[in-house]
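Visitor: Pasting the sequence and the predicted coordinates here, then a few questions.
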Amino acid sequence: MTTREDGVVRDGAADDSAARSDTGTREEHGNGETEPPAVAVDGLRKTFGTGEDAVTAVDGVSVAIERGSIVGLLGPNGAGKTTLIKCVLGMVLPDEGSVHIGGIDTRADPRAAYAQVDAMLEGARNDYWRLTVRENLRYFATISGVDPDSVAARHDRLLERLDLTAKADVAVRDLSRGMKQKVSLASVLAGGADVVFLDEPTLGLDVESSRTLQRELRRLATEEELTVVLSSHDMDVVETVCDRVVIVSEGSIVADDSVDALARTDDTHTVQLTSGDFDETLTAALRERFTVTTIERRGADTRLEVRADSDDLYALMAHLRNHDVTLEEVTTVEPDLEDVFVEITGGRR
Ligand SMILES: Nc1ncnc2c1ncn2[C@@H]1O[C@H](COP(=O)(O)OP(=O)(O)OP(=O)(O)O)[C@@H](O)[C@H]1O
């Protein structure tokens, strides 16, 4: 494994089947054989400090991540995402629990377990700025234990797909911030790792570059079975690129499902109500009693946006009936990941 954060290098090692174990869920394959998950975390716990100052950053987390999937790790600031990732990568020693990568116990045989893992933990700052883009890819392939000549075609493809071909022979220090970020990602992928951990990979990227990067991650997951664990505060990125979302709050997993399934479990609805009968007194009364998020004048009409669970919605409609309000239009807004996240984590970002 090579992490871009601290320069720690654990190069590839011979597979040690003695270190493989059956811990963690195994995936069924068409031929009836089972394959261990790409990453299996079981009962992971980590507390920093002692006594009154103790902070339990990871509080008994268990999760299995299947091969070829992109999993988004979300949570408010301080939820424990970074600590969890660092425990999985062996950069922080957990107090309890186990981590298996491709079925290999990371404590029993860390070299074999981490041989196919790479990570970008702090964006662009870990590339070698004096080296060109292509030299960086060759360097990171080499320290992953791969002969760079054997993956030259792969590097060309990566550069092309990330719109970096024209910059291949330019020193990284002469690139824009967004391009440096893309070089960082290309470096993480340069050695052909099976599992990559990406912390805020799209931070600072313009919309086009962010989309390019998301497309490439999806392609690698679908075509090459790359497994990606991606932590981000950008809900749109997570919603677009991830197969599955794991939400962490106060050290524990509070939700773990596909974006669609999470949206379906959200009992809070956003409704837009348009009427010519919303005068100031009625609007003030509604704001007092319900969660009115937007008030918009539209000619003679007013449109209110209200967030309400089923009980509130019933009470709201009764209230409007009692005040003889004629509704011109009622629209229900489908909850997006942001709504679900706010609901689950109590509004913390
Ligand atoms: N080395 C450390 N020593 C003491 N406390 C720590 C250490 N690292 C993290 N913590 C604490 O553990 C908790 C979880 O922090 P962590 O960085 O894992 O959260 P996070 O979800 O990654 O947050 P963010 O989204 O802000 O990056 C926080 O309360 C943090 O202050």
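Guide: Great, that's in hand.

Visitor: Which strands or helices does whichever strand or helix holds residue 179 pack on?
Guide: Counting by DSSP states H and E, the element that carries residue 179 is helix 177-189. Under the contact criterion of 3 or more Cβ pairs under 8 Å, 6 or more residues apart in numbering; DSSP states H and E, the helices and strands touching helix 177-189 comprise strand 117-120, helix 133-143, helix 152-161, strand 195-199, helix 207-224. Yep, even glycine has a C-beta here, placed from its N, CA and C like the rest.

Visitor: packing partners for the shortest one?
Guide: Other helices and strands packing on strand 117-120, by 3+ Cβ pairs under 8 Å, 6+ apart, are strand 2-3, helix 177-189, strand 195-199.

Visitor: Try it again at 10 Å.
Guide: For strand 117-120, the elements it packs on are strand 2-3, helix 81-88, helix 177-189, strand 195-199, strand 227-231, judged by 3 or more Cβ pairs under 10 Å, 6 or more residues apart in numbering; DSSP states H and E.

Visitor: List the buried residues in the very next helix or strand once past the second one.
Guide: Per DSSP H and E, the first helix or strand lying C-terminal to helix 81-88 is strand 96-101. Buried residues in strand 96-101, counted by 16 or more other Cβ atoms under 10 Å: 97, 98, 99, 100, 101.

Visitor: same check, this time on stretch 188-195
Guide: Of the residues in stretch 188-195, those with enough neighbours to count as buried (16+ other Cβ under 10 Å) are 188, 189, 190, 191, 193, 194, 195.

Visitor: mind listing what the residue nearest the centre of the chain touches?
Guide: Of all residues in the chain, the one closest to the mean position by Cα atoms, centre = their mean is residue 72, 2.5 Å from it. Residues in contact with residue 72 (Cβ atoms under 10 Å, 6 or more residues apart in numbering) are 228-232, 234-235, 237-247, 259, 337.

Visitor: so where does it fall, helix or strand?
Guide: Element membership of residue 72 [criterion: DSSP H and E] is strand 70-74.

Visitor: Format the CA atom coordinates belonging to that strand as PDB.
Guide: Provided in PDB are the C-alpha atoms of strand 70-74 (Å, rounded to 0.1, in the frame of the first residue of the first chain):
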ATOM      1  CA  ILE A  70     -18.200   2.600  -4.700                       C
ATOM      2  CA  VAL A  71     -19.100   3.300  -1.100                       C
ATOM      3  CA  GLY A  72     -19.600   6.800   0.100                       C
ATOM      4  CA  LEU A  73     -18.700   7.500   3.700                       C
ATOM      5  CA  LEU A  74     -20.600  10.500   5.100                       C
END
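
Visitor: Given that strand, what are its sheet partners and their directions?
Guide: Sheet pairing here is set by DSSP bridges, and for strand 70-74 it gives strand 227-231 (parallel), strand 244-249 (parallel).

Visitor: Dump the buried residues of stretch 188-195 to TSV, plus distance to residue 41 and pLDDT.
Guide: Rendered in TSV, the data for those read as follows (distance: Cβ to Cβ, whole Å; pLDDT from 0 to 100):
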residue	distance to residue 41	pLDDT
188	21	91
189	23	90
190	26	90
191	23	87
193	18	90
194	17	93
195	12	96
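
Visitor: Just flag the most distant two among those.
Guide: Considering Cβ to Cβ, no two members of those lie farther apart than 190 and 195, which are separated by 14.7 Å.

Visitor: list the buried ones in stretch 140-155?
Guide: Within stretch 140-155, the residues scored as buried using 16+ other Cβ under 10 Å are 140, 141, 142, 143, 144, 146, 148, 151, 154, 155.

Visitor: Who does the residue nearest to the centre of the chain form a beta bridge with?
Guide: residue 230, residue 245.

Visitor: What's the local residue count around residue 166?
Guide: Neighbourhood size, residue 166 [other Cβ atoms under 10 Å]: 9.

Visitor: before we move on, the earlier item: nearest to the ligand, of the helices and strands packed on helix 177-189?
Guide: Comparing the helices and strands packed on helix 177-189 against the ligand with Cβ to the nearest ligand atom, the closest turns out to be strand 195-199 (8.1 Å).

Visitor: How are the helices of the stretch 201-349 of the chain distributed by residue range?
Guide: 207-224, 235-241, 259-265, 280-289, 310-322, 337-345 (DSSP state H, counting those that start in this stretch).

Visitor: The longest one to strand 195-199, inter-axis angle?
Guide: Counting by axes from the mean of the first three to the mean of the last three Cα atoms, to 10 degrees, helix 207-224 points 160 degrees away from the direction of strand 195-199.

Visitor: List the buried residues for helix 207-224?
Guide: Within helix 207-224, the residues scored as buried using 16+ other Cβ under 10 Å are 209, 210, 212, 213, 214, 216, 217, 218, 220, 221.
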